[in-house]
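*Asks:* below: sequence and its predicted model.
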Amino acid sequence: MSFRPGIWFLPLAVAACGGTSSDTGLEAAVRVAGGQFYPGSIDKLASADVPTVVDVLNSQNVIIPGLQNKQISGRLDPGSTAVAIGFSGDIGYWILPADVPDADSPTQPTFHASLSFSPSLPQTSYDLIVRAATPPNTIGPATHVALDVEPSLPPTGALVVSLWWDTGSDLDLHVVDPYGVEIWAGNINSYDRYSTLPAPDAGAMSEAGILDFDSNAGCVIDGRCNENVVWSVAAPAGDYVARVDTFSLCGNSAARWTVEALFDGVSLGKAEGEALPASQRFSKGKGSGVTALSFTVASP
Amino acid sequence: MDATVATKVHVTAGVSSLKGTGFHSGTPATKNVLVWNDQNEDGIVQLSEIQIIPGRAATPSRNFSRFAVGADSRIGLAIPRLGNSVLFGEVIWGSNLDRGLRPADPIASGRDLREFGWVVGASQEFTSWVGLGVRYDFYNPDVDASRQTPTVLVPRDVSFHTWTFTLSWGGFAHDRLMLEYQHNRNALGVASDGSPTTLAADTLTLRGQMVF
């Protein structure tokens, strides 16, 4: 046996430094989509009198740990070019470039931020700080938005079918109702919109079975690892089937899952299982997944 | 061109070009989708929160033209007892032909993307056991880039600038260690006033080479 002459290169060490921080801010309590993370407290930034945040539009002051894509928006003083957003006392804050003004206030730049929160947020109140910025690196006074963290409780409703799992994987809950309609990420509502054209009946839609969230969709890990299909008012009587589809384990070796159906708070059945790499192989979409639970809702 | 212009001086130079076609993949057809965006976060479906996104027909895949031209030169000087000195440079100009840092797809961007770059560098051997090298690399993957500020559309410099310093120990045809530091400037970060700035990307790399 002989060796052929050759050259092997072995990268031994890589480090990074210089410029704006390459820290992705994953350890921060709040994250802003498309924003640049800056380590350090937003409270301690040197403050000027201007520019100010004219207003902040926030529809809900209650958040749950792991909440994704909470939208806040607002208007800034003329001349503002960016906005700094972060929790008071957090390990860092986010800089987001300002957007073009709205037509009704053409001199005031706007901002539109999509916030995500850490799944490990303690149940307490947080002070979300928003500050406008102008060149050269002038940061205006803080505008405060109070956010209260409430525990992530199972949703309430006449019939709730829940799926939980334990790793950052993309599992999907599929529930087939007695009419054969399948509710899943590709059809989040069992309401048949084509039956009442031309306009959907919002009332009927809200009373149908609704999937509340597609957790970890596309391996964008949101930390919830929980999906629920909820009939808020009344669920049709008949036989239901709940399936669990392993869309992707997202690099994890397995995901242990639990499915439970609650009818008026009483368990109709509970099942547990494990998603393994082989579970990812089959086609994804309507009808996919393994049957986890079958149960019947009796006529009232 | 490859010539020895003096006893210890060696010069090489060349030009190159590439012309061809790139590929833009099409998209499949989409169905009508009913989207509920819980704008007031009350958990209740309201008519104003429902949006119907109409389906779209599939779009076909398309080819696009692309080209690049480049010129490079290298001058080597063999210094007795010290080692070889090398000075080199290269310039490139292209259209819709990226260098792998940022994809150039004129179909997706709606316009042709012009690229420009140049490199200069030098290396010096100190005996056959120690080598030093330095290189400056400039590459602009889209010389026509722009960005929207709140009030105006302004040109945007998306170029990459890289200083590279290299120190190696060991024979060039034998086992050796190479320490490389790269100082990068780019436009991938966001400054506190919202303008583009460098996102930290400096690297320090230690490489080992074994010849067997």
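*Replies:* That came in fine, so what should we check first?

*Asks:* output the below-cut-off pLDDT ranges for the stretch 201-300 of chain A.
*Replies:* A:201-203, A:222-223 (pLDDT under 70).

*Asks:* helices along that one, start to end?
*Replies:* Taking DSSP state H, counting those that start in this stretch as the criterion, the stretch 201-300 of chain A contains helices spanning A:202-207.

*Asks:* show me what contacts the residue of chain B found nearest chain A?
*Replies:* Proximity of chain B to chain A (Cβ to the nearest Cβ) peaks at B:Gly194, 2.9 Å away. For the C-beta atoms, the positions are set from N, CA and C on the backbone; glycine is no exception. Contact analysis of B:Gly194 by Cβ atoms under 8 Å, 6 or more residues apart in numbering or on different chains lists A:Thr81, A:Ala82, A:Val83, A:Ile95, A:Leu96, A:Pro97, A:Ala98, A:Ala133, B:Thr149.

*Asks:* who touches stretch B:73-87?
*Replies:* By Cβ under 8 Å, 6+ apart, stretch B:73-87 touches B:8-14, B:88-90, B:120-128, B:131.

*Asks:* just give me how far the helix or strand hosting B:Ser85 sits from the chain centre.
*Replies:* According to DSSP states H and E, B:Ser85 maps onto strand B:83-95. How far strand B:83-95 lies from its chain's middle: 16 Å, per Cα atoms, centre = their mean, to the nearest Å.

*Asks:* where in chain B is pLDDT low?
*Replies:* B:37-43, B:172-173.

*Asks:* please repeat the previous calculation with a cut-off of 80.
*Replies:* B:31, B:33-51, B:53, B:171-174, B:211-212 (pLDDT under 80).

*Asks:* of the contacts of B:Gly194, just the buried ones, PyMOL syntax please.
*Replies:* Listed next is the PyMOL selection for buried residues among the contacts of B:Gly194, using 16 or more other Cβ atoms under 10 Å in any protein chain shown:
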select buried, (chain A and resi 81+82+83+95+96+97+98+133) or (chain B and resi 149)
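
*Asks:* pick out the most distant pair among the contacts of B:Gly194.
*Replies:* A:Ile95 and B:Thr149 (14.3 Å; Cβ to Cβ).

*Asks:* residues near A:Lys284, how many?
*Replies:* Here the number of neighbours of A:Lys284 (other Cβ atoms under 10 Å in any protein chain shown) works out to 17.

*Asks:* for it, which non-adjacent residue is spatially closest?
*Replies:* Once flanking residues are discounted, A:Lys284 sits nearest to A:Phe247: 5.7 Å by Cβ to Cβ, 6 or more residues apart in numbering or on different chains.

*Asks:* and whichever residue of the stretch 101-250 of chain A sits closest to chain B, how many neighbours?
*Replies:* For the stretch 101-250 of chain A and chain B, the shortest gap (Cβ to the nearest Cβ) falls at A:Pro109, measuring 3.4 Å. Per other Cβ under 10 Å, the neighbour tally for A:Pro109 reads 29.

*Asks:* ok, it to A:Thr134 distance?
*Replies:* 10 Å (Cβ to Cβ, to the nearest Å).

*Asks:* middle-most residue in chain B, spatially?
*Replies:* B:Leu101 (3.8 Å; Cα atoms, centre = their mean).

*Asks:* grab the nearest non-local neighbour of that residue.
*Replies:* B:Pro141 is the one closest to B:Leu101 (Cβ to Cβ, 6+ apart), at 5.8 Å.

*Asks:* dump the residue contacts of the one you found.
*Replies:* So B:Pro141 contacts B:Asp98, B:Arg99, B:Leu101, B:Arg102, B:Ala104, B:Leu113, B:Glu115, B:Val158, B:Ser159, B:Phe160 (Cβ under 8 Å, 6+ apart).

*Asks:* adding secondary structure, write those out as a markdown table.
*Replies:* Shown next, in a markdown table, are the contacts of B:Pro141 (DSSP: H, G, I helix; E, B strand; the rest coil):
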| residue | secondary structure |
| --- | --- |
| B:Asp98 | coil |
| B:Arg99 | coil |
| B:Leu101 | coil |
| B:Arg102 | coil |
| B:Ala104 | coil |
| B:Leu113 | coil |
| B:Glu115 | strand |
| B:Val158 | coil |
| B:Ser159 | coil |
| B:Phe160 | strand |
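
*Asks:* what's the end-to-end length of stretch B:151-171?
*Replies:* One end of stretch B:151-171 sits 59 Å from the other (Cα to Cα, to the nearest Å).

*Asks:* that one near chain A anywhere?
*Replies:* Yes: using Cβ under 8 Å from any Cβ of the partner chain, stretch B:151-171 reaches chain A at B:Thr151.

*Asks:* next one: phi and psi at residue 109?
*Replies:* Unless you meant another one, I'm taking chain A. phi -60, psi 150 (degrees, to the nearest 10).

*Asks:* nope, chain B please
*Replies:* Residue torsions, per degrees, to the nearest 10, at B:Ser109 are phi -90, psi -20.

*Asks:* burial check on it, number of neighbours?
*Replies:* So B:Ser109, with other Cβ under 10 Å, has 14 neighbours.

*Asks:* just checking, A:Gly35 touches A:Trp94?
*Replies:* Yes: with contact defined as Cβ atoms under 8 Å, A:Gly35 reaches A:Trp94; the gap is 3.5 Å.

*Asks:* still on that earlier bit, contact partners for the residue of the stretch 101-250 of chain A closest to chain B?
*Replies:* By Cβ under 8 Å, 6+ apart, the neighbours of A:Pro109 are A:Arg75, A:Leu76, A:Pro78, A:Gly79, A:Ser80, A:Thr81, A:Ala98, A:Asp99, A:Val100, A:Pro101, B:Pro150, B:Thr151.

*Asks:* let's see the pLDDT reported for the closest residue to chain B within the stretch 1-150 of chain A.
*Replies:* Residue of the stretch 1-150 of chain A nearest chain B, by Cβ to the nearest Cβ: A:Ala82 (2.9 Å). If you check A:Ala82, the pLDDT there is 95.

*Asks:* excluding chain neighbours, what is closest to it?
*Replies:* B:Gly194 (2.9 Å).

*Asks:* just confirm that neighbour is within a helix.
*Replies:* No: per three-state DSSP, B:Gly194 lies outside any helix segment and is coil.

*Asks:* roughly how far apart are it and B:Ala13?
*Replies:* 44 Å.

*Asks:* disregarding residues adjacent in the polypeptide, which is nearest to A:Ala33?
*Replies:* Excluding the flanking residues, the one nearest A:Ala33 by Cβ to Cβ, 6+ apart is A:Ser114, at 4.1 Å.

*Asks:* can you map out the helices along chain B?
*Replies:* B:106-109 (DSSP state H).

*Asks:* what lies in contact with stretch A:28-35?
*Replies:* By Cβ under 8 Å, 6+ apart, the list of residues contacting stretch A:28-35 reads A:25, A:37, A:69, A:85-87, A:90-92, A:94-96, A:113-118, A:121, A:126, A:128, B:190.

*Asks:* quick one: buried ones out of those?
*Replies:* Of the contacts of stretch A:28-35, these count as buried by 16+ other Cβ under 10 Å: A:25, A:37, A:85-87, A:90, A:92, A:94-96, A:113-118, A:121, A:126, A:128, B:190.

*Asks:* who's in contact with the closest residue to B:Ser159 other than its chain neighbours?
*Replies:* Once flanking residues are discounted, B:Ser159 sits nearest to B:Asn140: 3.9 Å by Cβ to Cβ, 6+ apart. By Cβ under 8 Å, 6+ apart, the contact set of B:Asn140 is B:Glu115, B:Phe116, B:Gly117, B:Asp157, B:Val158, B:Ser159, B:Phe160.
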